[in-house]
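Enquirer: show me how the following folds:
(chains A and B)
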Number of protein chains: 2
Amino acid sequence: MFDSGLGGLTVVRHLRRLLPQESIVYLGDTARVPYGSRSPEIIRKFARQDAYFLAGRNVKYIVIACNTASAQAEPDLVRRLAIPIMGVIEPGAATAARESAGGRIGVIGTLGTIASGAYQQAITAHRPEAEVLARACPLFVPLAEEGAQATMAARLITEDYLAPFRDAAVDSLILGCTHYPILEAVIADALGPAVRLVDPGRALATALAGDLAGRDLRCAGQDEAQQQYFVTDRSARFQELAERFLGHRLCSPVEQVDLD
Amino acid sequence: MFDSGLGGLTVVRHLRRLLPQESIVYLGDTARVPYGSRSPEIIRKFARQDAYFLAGRNVKYIVIACNTASAQAEPDLVRRLAIPIMGVIEPGAATAARESAGGRIGVIGTLGTIASGAYQQAITAHRPEAEVLARACPLFVPLAEEGAQATMAARLITEDYLAPFRDAAVDSLILGCTHYPILEAVIADALGPAVRLVDPGRALATALAGDLAGRDLRCAGQDEAQQQYFVTDRSARFQELAERFLGHRLCSPVEQVDLD
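Expert: This next block holds a predicted model:
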């Protein structure tokens, strides 16, 4: 699994719960995080370097935890690598399309994810009559990274970003960035209990379990699953941030690597 | 001049005003911005690549517009290159030390700038009895990038970050990040008119004019000064962001380059 940084650890959480027997090699491109406001060309370049690193670790499957990289680089990676690849967009969109009561679906994400139109296309492919409203929320990533999700400022910013979704009376909202589950409480407060929040990381874990079984790639061994973590930079706040996204103590070794 | 991204254009503004006859080659590492929360090792690596790129353009002087790169990488670059180099820390610290009425000086900046202690050391070198209070304000960069400086959320975040400076009754505050002049109004409101705000970009322009003259490097020609802009990524919002920091329309050509 690779991610632009540490947000993908929210996806690791779902994978470990659902597929505890599978070993995970995680790469976080912390030297170049965030990807969300960069151009499609640069995101594809970075995602290629991330995926080739994982290919070199001899993985059986590549998961793109980062929504921006899934939205901008997944087709390019599928063309280039013979290893099966799954991003978060398709499972997130399929879940929202299936579970939405009235077909009024909202999507929030980075500038890059929203501008790509990837969620919008994937939802309407599953449910052509769906009405999709999408909006970039660029301040959500820094708010989650600063642990400011419970502040009044976060509440004001969230209400401002989500007002169009309330006005449009969406029944579901896709949290289209790995950081957004950290803000789930304030997002739920802003939209009210009638709006279902869809976490693409959780949807991916379910879809991956099915695809691994379908490809006969499920790990059947009795050996304990391993976690290996690689990052391209290790800042002073690495441990604190990693544990916020992972949801528990990070005990596995973490190695720093250079991708370029 | 190099910067982690486009914030350094606030420094270009001061340079063009004070030294209109000097041509500027600007490099913004927009593919890897921001530098502020990365490790010192990675910042030094990126700053080396930035400086070598400028050296290859045959510049007579290198200005480090980025406070984080100045704080973490300036001594390393001075050792490596024979071209004169000036960062924003020393002129910013010298100005604050000289102009502070009571020697109670505050510094705000990125996590990297504040953790380095560079401003704190430079201020006490100029004024040993000064009391220096420093604090990182990581949400200021995304607020400035989103143009959210006039929102109620920005006001709340600013009051929260600056409360310790008000409690300590500082008489001056160094805006130790190229993005912070964008937030000058809300920062001034939070601290009141008695606190002098020091912009290291402006201080650098004055110090650079003096050092160019001292080294007999001032441009005496009558030819019109040129501006050349290079970036490592050009996102959809490039033009909007560049003009916010530059303070006027960006008419010069911009070229995308690859540093690694």
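Enquirer: chain neighbours aside, what residue packs nearest to A:P84?
Expert: A:Y61 (5.1 Å; C-beta to C-beta, 6 or more residues apart in numbering or on different chains). Any C-beta I mention is one placed from the backbone N, CA and C, and that applies to glycine too.
Enquirer: neighbours of the closest residue to A:E22 other than its chain neighbours, how many?
Expert: Once flanking residues are discounted, A:E22 sits nearest to A:C219: 5.2 Å by C-beta to C-beta, 6+ apart. Neighbourhood size, A:C219 [other C-beta atoms under 10 Å in any protein chain shown]: 14.
Enquirer: shouldn't A:C219 be in contact with A:P20?
Expert: No. A:C219 lies out of contact with A:P20 (C-beta atoms under 8 Å); the separation is 9.8 Å.
Enquirer: need the overlap of contacts for those two.
Expert: Taking C-beta atoms under 8 Å, 6 or more residues apart in numbering or on different chains as the criterion, A:C219 and A:P20 both touch A:A225.
Enquirer: for the closest residue to A:G5 other than its chain neighbours, phi and psi?
Expert: Excluding the flanking residues, the one nearest A:G5 by C-beta to C-beta, 6+ apart is A:V33, at 3.2 Å. Dihedral pair for A:V33: phi -60, psi 150, per degrees, to the nearest 10.
Enquirer: in the lowest-mean-pLDDT helix or strand in chain A, what's buried?
Expert: Scoring the helices and strands of chain A by mean pLDDT, DSSP states H and E places helix A:238-246 at the bottom, with a mean of 92. Under the neighbour-count criterion of 16 or more other C-beta atoms under 10 Å in any protein chain shown, helix A:238-246 has A:F238, A:L241, A:A242, A:R244, A:F245, A:L246 buried.
Enquirer: ok, which stretches of the stretch 101-250 of chain A are helices?
Expert: Counting by DSSP state H, counting those that start in this stretch, the stretch 101-250 of chain A has helices at residues A:111-116, A:118-126, A:140-145, A:152-167, A:184-191, A:200-214, A:238-246.
Enquirer: any residues touching the fifth one, and which ones?
Expert: Where contact means C-beta under 8 Å, 6+ apart, the residues beyond helix A:184-191 that reach it are A:149-150, A:154-155, A:158-159, A:162, A:165-166, A:170, A:173, A:175, A:180, A:195, A:197, A:199.
Enquirer: now, the most widely separated pair of those?
Expert: A:A150 and A:V170 (24.0 Å; C-beta to C-beta).
Enquirer: just checking, A:S100 touches A:D171?
Expert: Yes. Under the criterion of C-beta under 8 Å, A:S100 makes contact with A:D171 at 5.5 Å.
Enquirer: how is chain A partitioned into domains?
Expert: Domain assignment for chain A by automatic domain parsing gives A:2-88+A:202-256, A:90-199.
Enquirer: quick one: which of A:A150 and A:V170 has more around it?
Expert: A:V170 (26 against 11).
Enquirer: I figured that one was touching A:I108, is that so?
Expert: No. A:V170 lies out of contact with A:I108 (C-beta under 8 Å); the separation is 10.4 Å.
Enquirer: any shared contact partners between these two?
Expert: With C-beta under 8 Å, 6+ apart, A:V170 and A:I108 have no common neighbours.
Enquirer: nearest to A:G92, of the helices of the stretch 101-250 of chain A?
Expert: helix A:200-214 (2.8 Å).
Enquirer: what's the closest one in contact with?
Expert: Contacts of helix A:200-214 (C-beta under 8 Å, 6+ apart): A:10-11, A:13-15, A:17-19, A:22, A:61, A:63, A:65, A:67, A:84, A:86-95, A:174-176, A:178, A:181, A:217-218.
Enquirer: can you give me the angle that helix makes with helix A:118-126?
Expert: Relative orientation of helix A:200-214 versus helix A:118-126 (axes from the mean of the first three to the mean of the last three C-alpha atoms, to 10 degrees): 50 degrees.
Enquirer: mind listing what's buried in helix A:200-214?
Expert: A:P200, A:G201, A:R202, A:A203, A:L204, A:A205, A:A207, A:L208, A:D211, A:L212.
Enquirer: B:C251: which of the buried residues of helix A:238-246 is nearest?
Expert: Distances from B:C251 to these, taken by C-beta to C-beta, are shortest for A:L241, at 40.4 Å.
Enquirer: distance from the centroid: which residue in chain A tops it?
Expert: For chain A, the largest distance from the centre (C-alpha atoms, centre = their mean) belongs to A:Q222, which lies 29.1 Å off.
Enquirer: quick one: name the residues of chain A near chain B.
Expert: Contacts of chain A with chain B, taken as C-beta under 8 Å from any C-beta of the partner chain, map to A:30-32, A:37-39, A:41-42, A:111, A:115, A:138-139, A:141-143, A:145-146, A:148, A:151-154, A:156-157, A:160, A:232-237, A:260.
Enquirer: return the members of the residues you listed classed as buried.
Expert: Counted by 16+ other C-beta under 10 Å, the residues of chain A next to chain B give A:30-32, A:37-39, A:42, A:111, A:115, A:138-139, A:141-143, A:145-146, A:148, A:151, A:153-154, A:156-157, A:160, A:232-235, A:237 as buried.
Enquirer: for the closest residue to A:G247 other than its chain neighbours, list the residues it contacts.
Expert: Closest residue to A:G247 apart from its sequence neighbours, by C-beta to C-beta, 6+ apart: A:R13 at 5.3 Å. Listed by C-beta under 8 Å, 6+ apart, the contact partners of A:R13 are A:G201, A:F245, A:L246, A:G247.
Enquirer: quick one: the last one and B:E146, what's the gap?
Expert: Meaning A:G247. 28 Å (C-beta to C-beta, to the nearest Å).
Enquirer: for A:G5, what are its contacts?
Expert: A:G28, A:D29, A:T30, A:V33, A:P34.
Enquirer: over to A:I85?
Expert: A:A51, A:Y61, A:I62, A:V63, A:I64, A:E74, A:L77, A:V78.
Enquirer: could you single out the nearest of those to chain B?
Expert: Nearest to chain B among these: A:A51, at 17.4 Å, using C-beta to the nearest C-beta.
Enquirer: show me what counts as buried in whatever helix or strand the closest one lives in.
Expert: Using DSSP states H and E, A:A51 sits within helix A:40-56. Of all the residues in helix A:40-56, those buried under the rule 16+ other C-beta under 10 Å are A:40, A:42-51, A:53-54.
Enquirer: now the residues you listed as a markdown table including pLDDT?
Expert: Output for the buried residues of helix A:40-56, formatted as a markdown table (pLDDT from 0 to 100):
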| residue | pLDDT |
| --- | --- |
| A:P40 | 97 |
| A:I42 | 98 |
| A:I43 | 98 |
| A:R44 | 98 |
| A:K45 | 98 |
| A:F46 | 98 |
| A:A47 | 98 |
| A:R48 | 98 |
| A:Q49 | 98 |
| A:D50 | 98 |
| A:A51 | 98 |
| A:F53 | 98 |
| A:L54 | 98 |
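Enquirer: returning to that earlier point: ok, how many other residues are close to the residue nearest to A:P84?
Expert: Around A:Y61 there are 16 residues (other C-beta under 10 Å).
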